[in-house]
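1. next input, structure requested:
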Amino acid sequence: MVTTTRSARSRLWRSASAIPVRDARSPLTEPQTTSGRIPLARFAPSVPWGDFRPKAFAGEAVPFRVTAFREGHDRIGVQLRLVAPTGEESLHRLRPLADGWDQWQTEVAMLEHGVWRFRFEAFGDDFATWRHAADVKIAAGVDAALMRELGARLFDTASADKERPAAERRSLAAAAITLRQTTLDDAGALEIVRDPAIAEYFRSRPVMSLVTVGKDLELLVERERAGVGAWYELFPRSEGARRKKDGSVKSGTFRTAMKRLPDVAAMGFDVVYLPPIHPIGLTNRKGRNNSLEALPGDPGSPYAIGGPEGGHDAIHPELGSPADFRAFIRAAEREGMEVALDLALQASPDHPWVAEHPEWFTVLPDGTIAYAENPPKKYQDIYPVNFDTDPAGIYAEVLRIVRHWVAQGVKIFRVDNPHTKPLQFWEWLIATVNAESPDVIFLSEAFTRPAVMQSLAAVGFQQSYSYFTWRNTKAELEEFLSSIAHETADYMRPNLFVNTHDILTEYLQYGGRAAYRIRAAIAATAAPTYGVYAGYELFENVARPGSEENIDNEKYEYKFRDWAGAIERGDSLAPFLTRLNEIRRAHPALRQLRNLSIHWSDDDAILVYAKHLEAALSPEGRSDTIIVVINTDAHSVRQTMVHLDTRVWGVEPGEPYDVEDLITGARWTWSDHNYVMLDAFTEPVHILHVKERR
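-> This next block holds a predicted model:
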């Protein structure tokens, strides 16, 4: 059923461009052509390849854009017709972008989950065409009488429209009479031509001609957590682990790890991510620092999944029971967090699959099974799955495993190395799981070629790792941040992890404590989803020689950390992470992806960007603007001028406005050109809130 939109505060969407719903009327009967009477092309949101839906998350302000034009000088209008999953229909007027490319755009924040249908409709805007011509000609004394009569006829047509409010119809009818009065001079006629109230009547209910309807398109809107969240990775076996008198280690469990959850929640994290929790194989078990020989008591890599106790549907007995795991999930939920579980589709030589389904692996000419490699890395404790030997069997088994963990309460899966499995498998699996459980989220941990990473996102992954980890200079970050916000945002949502159990970049190794503040600040403000791996707040920056991994990597051993002591000594980044997450929660502009704008500085190390959200698109009904200025050089004090296009947040160049630094509490009056000094050793970042002007 088509319903008339009553307000831009619909429970299903937010928009500043809503207009009453009308049927699209087109006089076109012939000729029927591909281009249409008014050409419509280059639709957005869209996916650049394949027949895949673009996507958004609930509450995301989505730019809808189309290229539209017509011949000559007559004016056109463009509108967006949206149909919510419930069937409620709304119309939104697009504005022309002053880019010389005939692009039109509007932003709408959809609040309802599900598949939305949309299409663009273009039309000859008879009022806008007349108004432009009349303004020019009457002012010049050219064809003034003709322009007045054309306007009167246009007002006659509009006043006869019974869908218009009665007061509006009376006003338009009176304007038509006035335009025909012989005593009306040109100045009086121009007052009617330029009357903003009349212009608004025709904006909300335009008189259309040459209506052209674009093709029907779809947009998948997923739950907010698919696009917004702060992730924290921890190894349950380390949380609560203790060294016994004989030197051996008693593993932490889900029950002991639960004690860490309040501290993680207090820092403001929304998602607790666990590496694989399954039994770990003994054959070729890796020792500390990825050594080829494990010593007695070495726990092994959790990615060498499977042993006599079971495989991907089993829990390592030292971590606890299925009931303990469910208790861990409930404890996280009480703290306002969700649990993300690693989905690593590979097997140790001891996995039940090896004996029961040897056809699921690659057998070499010498009869051995090929182990995993990511040159130059070798994983002698892991067999990769061959998806081409028995695809039906493998597909069914993985689906069974995912369903099993969903039944335990897991709604988020961080997928290990998805780029080493067939793309069509992920398309099938994610579609199948989401058809049953739409709230399940899959994060793609793929660091590979851009086309592969983007394809994984296009076929269904709700989130993706990205190149952020290796983008550190101002120039690199400007290019990267612009691309994730504007080039791939229709289908790829980046999760900006600052580090992982596998990744400790040179920037963190050699940048000192400033580097940790800088990277966290960028990750937390540039994208609505980011993550840290436990130990980041302790500035763990020593790498295994010749690698980008922490020495004494937790993937191969237990870690003992003094969280509370570090805070007491003032030796923890936890307070800074807490403040970043507080800022993220307080400012809806930071919970958006596509609203980032790059600005300028005179220094090649000072990165400047802003995030702005219009009041009509904000859940609080107030506009929100954050300006971020960061010294990307972790070894220096920088002084420079920053240059801002303040029109992005509605301030004309040269006008003053007040800002507050949300880290230090300092306040300044800024304009479009401002002096800054950022000391990497004390405070390398400004996170500025633009105060509302009264």
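2. just the CA trace of stretch 585-600, in PDB.
-> As requested, the backbone C-alpha atoms of stretch 585-600 are provided in PDB (Å, rounded to 0.1, in the frame of the first residue of the first chain):
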ATOM      1  CA  ARG A 585      29.000   7.400  21.200                       C
ATOM      2  CA  ALA A 586      28.200  11.000  21.900                       C
ATOM      3  CA  HIS A 587      28.600  12.200  18.300                       C
ATOM      4  CA  PRO A 588      26.500  10.600  15.500                       C
ATOM      5  CA  ALA A 589      28.700  12.200  12.800                       C
ATOM      6  CA  LEU A 590      31.400   9.600  13.800                       C
ATOM      7  CA  ARG A 591      29.000   6.800  13.400                       C
ATOM      8  CA  GLN A 592      28.800   7.400   9.700                       C
ATOM      9  CA  LEU A 593      31.100   6.300   6.900                       C
ATOM     10  CA  ARG A 594      30.200   8.400   3.800                       C
ATOM     11  CA  ASN A 595      30.300  11.800   5.400                       C
ATOM     12  CA  LEU A 596      34.100  12.300   5.600                       C
ATOM     13  CA  SER A 597      35.600  15.300   3.900                       C
ATOM     14  CA  ILE A 598      39.400  15.900   3.500                       C
ATOM     15  CA  HIS A 599      40.700  19.400   4.200                       C
ATOM     16  CA  TRP A 600      44.100  20.900   4.000                       C
END
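3. list the buried residues in that stretch.
-> 587-599 (16 or more other Cβ atoms under 10 Å). Bear in mind the C-beta positions are built from the backbone N, C-alpha and C, glycine included.
4. buried stuff in the lengthiest strand in the chain?
-> When the chain is scanned for its longest strand (criterion: DSSP state E), the result is strand 114-125. For strand 114-125, a neighbour-count test (16+ other Cβ under 10 Å) marks 116, 118-125 as buried.
5. and the next element down the chain from it?
-> With elements assigned by DSSP states H and E, the helix or strand that comes after strand 114-125 is helix 126-140.
6. how far does that following helix sit from its chain's centre?
-> Distance, stretch centre to chain centre, for helix 126-140: 44 Å (Cα atoms, centre = their mean, to the nearest Å).
7. buried residues in it?
-> 126-131, 133-134, 137-138.
8. try stretch 304-313
-> So, applying 16+ other Cβ under 10 Å, buried residues of stretch 304-313: 304-307, 310-313.
9. which residues of the stretch 1-150 of the chain fall in helices?
-> Using DSSP state H, counting those that start in this stretch, the helices of the stretch 1-150 of the chain run over 126-140, 144-159.
10. what of the stretch 351-500 of the chain?
-> Under DSSP H, counting those that start in this stretch, the stretch 351-500 of the chain gives helices at 352-356, 391-408, 423-436, 450-459, 474-482.
11. need the winner for burial among these.
-> Stretch with highest mean neighbour count among the helices of the stretch 351-500 of the chain: helix 450-459 (a mean of 20; mean count of other Cβ atoms under 10 Å).
12. okay, that one in CSV with CA atoms only?
-> Output in CSV follows, covering the C-alpha atoms of helix 450-459 (Å, rounded to 0.1, in the frame of the first residue of the first chain):
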residue,chain,number,x,y,z
PRO,A,450,41.9,-4.8,-4.2
ALA,A,451,39.6,-6.6,-6.7
VAL,A,452,39.5,-9.6,-4.5
MET,A,453,38.9,-7.7,-1.3
GLN,A,454,36.1,-5.6,-2.9
SER,A,455,34.5,-8.7,-4.5
LEU,A,456,34.3,-10.4,-1.1
ALA,A,457,32.5,-7.3,0.2
ALA,A,458,30.2,-7.2,-2.9
VAL,A,459,29.1,-10.8,-2.5
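13. which other helices and strands does that helix contact?
-> Here helix 450-459 touches helix 423-436, strand 441-445, strand 463-464, going by 3 or more Cβ pairs under 8 Å, 6 or more residues apart in numbering; DSSP states H and E.
14. ok, residues contacting the second one?
-> Counting by Cβ atoms under 8 Å, 6 or more residues apart in numbering, strand 441-445 makes contact with 222-223, 225-226, 340, 343, 411-419, 426, 430, 433, 453, 456-457, 460-465, 495, all of which sit outside it.
15. of those, select the buried ones using a PyMOL command.
-> A single PyMOL command selects the buried members of the contacts of strand 441-445 (16+ other Cβ under 10 Å):
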select buried, resi 222+223+225+226+340+343+411+412+413+414+415+416+417+418+419+426+430+433+453+456+457+460+461+462+463+464+465+495
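16. which stretches of the stretch 51-200 of the chain form strands?
-> Assigned strands in the stretch 51-200 of the chain, in chain order: 55-57, 61-68, 76-83, 89-93, 95-96, 103-110, 114-125 (criterion: DSSP state E, counting those that start in this stretch).
17. between the ones you listed, which one is nearest to A370?
-> The closest of these to A370 is strand 55-57. By Cβ to Cβ, the value is 35.9 Å.
18. that closest one pairs with which strands?
-> Strand 55-57 has the following strand partners under DSSP bridges: strand 217-222 (parallel).
19. CA atoms of the strand it pairs with as PDB?
-> Output of strand 217-222 as PDB, limited to C-alpha atoms (Å, rounded to 0.1, in the frame of the first residue of the first chain):
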ATOM      1  CA  LEU A 217      16.900  -0.900  -8.000                       C
ATOM      2  CA  GLU A 218      17.500  -2.400  -4.500                       C
ATOM      3  CA  LEU A 219      19.400  -1.500  -1.400                       C
ATOM      4  CA  LEU A 220      20.000  -3.900   1.500                       C
ATOM      5  CA  VAL A 221      19.900  -2.200   4.900                       C
ATOM      6  CA  GLU A 222      21.400  -4.300   7.700                       C
END
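20. can you list the buried residues in that strand?
-> 217, 219-222.
21. any chance of those in CSV, plus distance to S483?
-> As requested, the buried residues of strand 217-222 are exported to CSV (distance: Cβ to Cβ, whole Å):
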residue, distance to S483
L217, 23
L219, 21
L220, 22
V221, 23
E222, 22
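22. save those as JSON lines, and put in pLDDT and distance to E540 too.
-> Listed next are the buried residues of strand 217-222 as JSON lines, based on pLDDT from 0 to 100; distance: Cβ to Cβ, whole Å:
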{"residue": "L217", "pLDDT": "96", "distance to E540": "47"}
{"residue": "L219", "pLDDT": "98", "distance to E540": "41"}
{"residue": "L220", "pLDDT": "98", "distance to E540": "39"}
{"residue": "V221", "pLDDT": "98", "distance to E540": "39"}
{"residue": "E222", "pLDDT": "98", "distance to E540": "34"}
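23. L504 is nearest to which of the helices of the stretch 351-500 of the chain?
-> It is, among the helices of the stretch 351-500 of the chain and with distance given as Cβ to Cβ, helix 474-482, at 18.3 Å.
24. quick one: the closest one to chain centroid distance?
-> That offset, for helix 474-482, works out to 17 Å (Cα atoms, centre = their mean).
25. with stretch 493-508 instead?
-> Distance, stretch centre to chain centre, for stretch 493-508: 17 Å (Cα atoms, centre = their mean).
26. ends of it, what's the gap?
-> Stretch 493-508 has an end-to-end distance of 24 Å (Cα to Cα, to the nearest Å).
27. same question for stretch 558-574.
-> Note: stretch 558-574 ends 21 Å apart using Cα to Cα.
28. pull out the buried positions in it.
-> Buried residues in stretch 558-574 (16+ other Cβ under 10 Å): 558-559, 561, 563, 566-567, 572-574.
29. farthest pair in the buried residues of helix 126-140?
-> Greatest spacing in the buried residues of helix 126-140, by Cβ to Cβ: D126 and I138 (17.2 Å).
30. just checking, what packs against the helix or strand bottoming out on mean pLDDT in the chain?
-> In the chain, no helix or strand scores lower on mean pLDDT, DSSP states H and E than strand 377-379, which sits at a mean of 79. Judged by 3+ Cβ pairs under 8 Å, 6+ apart, the packing partners of strand 377-379 are strand 372-374.
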